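Enquirer: Coordinates for the following, if possible.
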Amino acid sequence: MKVGLVIYGDLNTLSGGYLYDRKLVEYLRNQGDEVEVISLPWRNYLRHGTDNISLALKNRLRRLRADVLLQDELNHPSLFLLNRQLRKVVAFPLVSIVHHLRCMEEHPRILRWFYRQIERVYLNSVDGFICNSQTTLQTVREVVKSQKAALVATPGGDGLEVSPNEKIVAYSQKPQVRLIFVGNWIPRKGLHILIEALQGLLDLDWRLYVVGRTNLLPSYEQKIRRMIESGGLSQRVEITGAVSDEELVKRWQTADVLVVPSQYEGFGIVYLEAMRFGVIPIGGQSGAAHEIIQSGINGFLVPPNSSADLRDTLRKILSDPDLMNRIKKAARVRYEQFPTWQSSMASVRKFLVTQFLQ
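Expert: Sure, this is the predicted structure:
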């Protein structure tokens, strides 16, 4: 099978969506399929729209030798009009990989309406969807109002290489609880909400490790650093930046609680990854995190943008070692109920073959 994949920038970009695309490319190539990655340059949203009138891009895609063309839905502003032209001149189907819709993120109402219109046109221009969660598929169905071929293939939580003798480490009554935030520094991930919540927990013994790219939005980075300093947290928050997979494994193995109170997640790979190591995940209620976390059983969900609710949840966990130990063990059990990357990507390949190539 010959496959094309349209993305922005580098396939090795650090994010859950790019990890999903990367795992799919890796699996397809291991099955003997040919995969050509078509990388479009990163620009702002409006400038991406000019790709729709790019003769160079149109000709490149038209000349593509493929049985199917996959498109990361993130690229919708570059393709929402171009796809209609492509369908007239190519024989291969267009299939969108949808991690989450931009119109579901927190934006001013008029912007969300605008994004929804563009995404509606784009989603109607493809032949099928690969979604990372039932929540994502539901939002797609609500926007498109049609029954195109679709598959839900959830990400795996086993992307990091760990020694075969890995095991959950029960909470050991140690006085200091290790909190961890893993994610890029963008407002949607809710790091500012976490920092604000921690300012009200200085009476408890904890330490926060912040893992992820810091420099995507310089103004947001400055805001976070100011909050840490002004809140008296400088001695209790360690900023590591982006780390290697080996270092991330070490961080997971010593962490107790993951806190990523996102405004919205199309799935939330980081929560599942935490559960693999028996780390309690705290996520946001909006989006698909509820498909992973059963709040109060194997993790906790908090309302988005509520530092007060997050503070109360953290105080509850930090003040009750027995509760922490119980939730940590339940988190590991929950992880084992999800498919591996291998099995999920196998289902994607089967979907492509049976739906579009037979």
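Enquirer: SS state for the residue lying closest to residue 290 once chain neighbours are set aside?
Expert: Residue nearest to residue 290 in three dimensions, not counting chain neighbours: residue 301, with 6.2 Å by CB to CB, 6 or more residues apart in numbering. All C-beta spots, glycine's among them, are computed from the backbone N, C-alpha and C. Here residue 301 is recorded as strand under DSSP: H, G, I helix; E, B strand; the rest coil.
Enquirer: what's the spacing between residue 301 and residue 190?
Expert: 12 Å (CB to CB, to the nearest Å).
Enquirer: what's the answer for residue 183, then?
Expert: Applying CB to CB to residue 183 and residue 190 gives a distance of 9 Å.
Enquirer: Looking at those two, which one has more neighbours?
Expert: Here residue 183 and residue 190 are compared on neighbour count by other CB atoms under 10 Å; more neighbours surround residue 190, at 28 against 22.
Enquirer: Thought residue 285 was touching that one, still the case?
Expert: No - using CB atoms under 8 Å, residue 190 is not in contact with residue 285, being 11.5 Å away.
Enquirer: and for the two, which residues touch both?
Expert: By CB atoms under 8 Å, 6 or more residues apart in numbering, residue 190 and residue 285 have these common neighbours: residue 304.
Enquirer: Quick check: neighbours shared by residue 183 and residue 190?
Expert: 260, 262.
Enquirer: follow-up on the earlier one: for the residue nearest to residue 290, list each beta-bridge partner.
Expert: With DSSP bridges applied, residue 301 shows beta-bridge pairing to residue 283.
Enquirer: ok, now which ones touch it?
Expert: Counted by CB under 8 Å, 6+ apart, residue 301 has contacts 282, 283, 284, 285, 289, 290, 293, 295.
Enquirer: likewise residue 262?
Expert: So residue 262 contacts 183, 188, 189, 190, 268, 283, 284, 286, 287, 289, 304 (CB under 8 Å, 6+ apart).
Enquirer: re earlier: how near is the residue nearest to residue 290 to residue 263?
Expert: Using CB to CB, one gets 13 Å for the distance from residue 301 to residue 263.
Enquirer: what's the overlap in contacts for the two?
Expert: By CB under 8 Å, 6+ apart, the residues touching both residue 301 and residue 263 are residue 284.
Enquirer: Chain neighbours aside, what residue packs nearest to residue 147?
Expert: Nearest non-adjacent residue to residue 147, counting by CB to CB, 6+ apart: residue 141, 7.9 Å away.
Enquirer: The strand or helix carrying the one you found packs against which elements?
Expert: Residue 141 is part of helix 134-144, with elements assigned from DSSP states H and E. Here helix 134-144 touches strand 94-98, helix 109-124, strand 128-131, strand 149-152, going by 3 or more CB pairs under 8 Å, 6 or more residues apart in numbering; DSSP states H and E.
Enquirer: count of neighbours near residue 128?
Expert: Quick note: residue 128 (other CB under 10 Å) scores 17 neighbours.
Enquirer: Was I right to think it contacts residue 348?
Expert: No - contact criterion CB under 8 Å: residue 128 and residue 348 do not qualify, at 11.2 Å.
Enquirer: Identify the contacts common to these two.
Expert: Contact criterion CB under 8 Å, 6+ apart; residues shared by residue 128 and residue 348: residue 151.
Enquirer: Tell me where the stretch 101-250 of the chain has helices.
Expert: 109-124, 134-144, 191-198, 218-230, 245-254 (DSSP state H, counting those that start in this stretch).
Enquirer: Show me what counts as buried in the fourth one.
Expert: With burial defined by 16 or more other CB atoms under 10 Å, the residues of helix 218-230 counted as buried are 220, 221, 223, 224, 225, 227, 228.
Enquirer: For the first one, report the pLDDT, please.
Expert: Okay, so that is residue 220. Residue 220 is assigned 96 on the pLDDT scale.
Enquirer: Next, work out how far apart it and residue 35 are.
Expert: Taking CB to CB as the measure, residue 220 falls 34 Å from residue 35.
Enquirer: now swap in the last one and tell me
Expert: In this structure, residue 228 and residue 35 are separated by 42 Å, where distance is defined by CB to CB.
Enquirer: do the same with the second one
Expert: Between residue 221 and residue 35 the distance, using CB to CB, works out to 35 Å.
Enquirer: now the third one
Expert: The gap separating residue 223 from residue 35 is 39 Å, by CB to CB.
Enquirer: Following the record's annotation, map out the domains of the chain.
Expert: When the chain is parsed with automatic domain parsing, its domains come out as 2-156+339-356, 177-335.
Enquirer: mind checking the end-to-end distance for the shortest one?
Expert: From the first residue to the last, domain 177-335 extends over 22 Å; the measure is CA to CA, to the nearest Å.
Enquirer: how far does it sit from the chain's center?
Expert: Here the centre of domain 177-335 is set off from its chain's centre by 15 Å, with CA atoms, centre = their mean, to the nearest Å.
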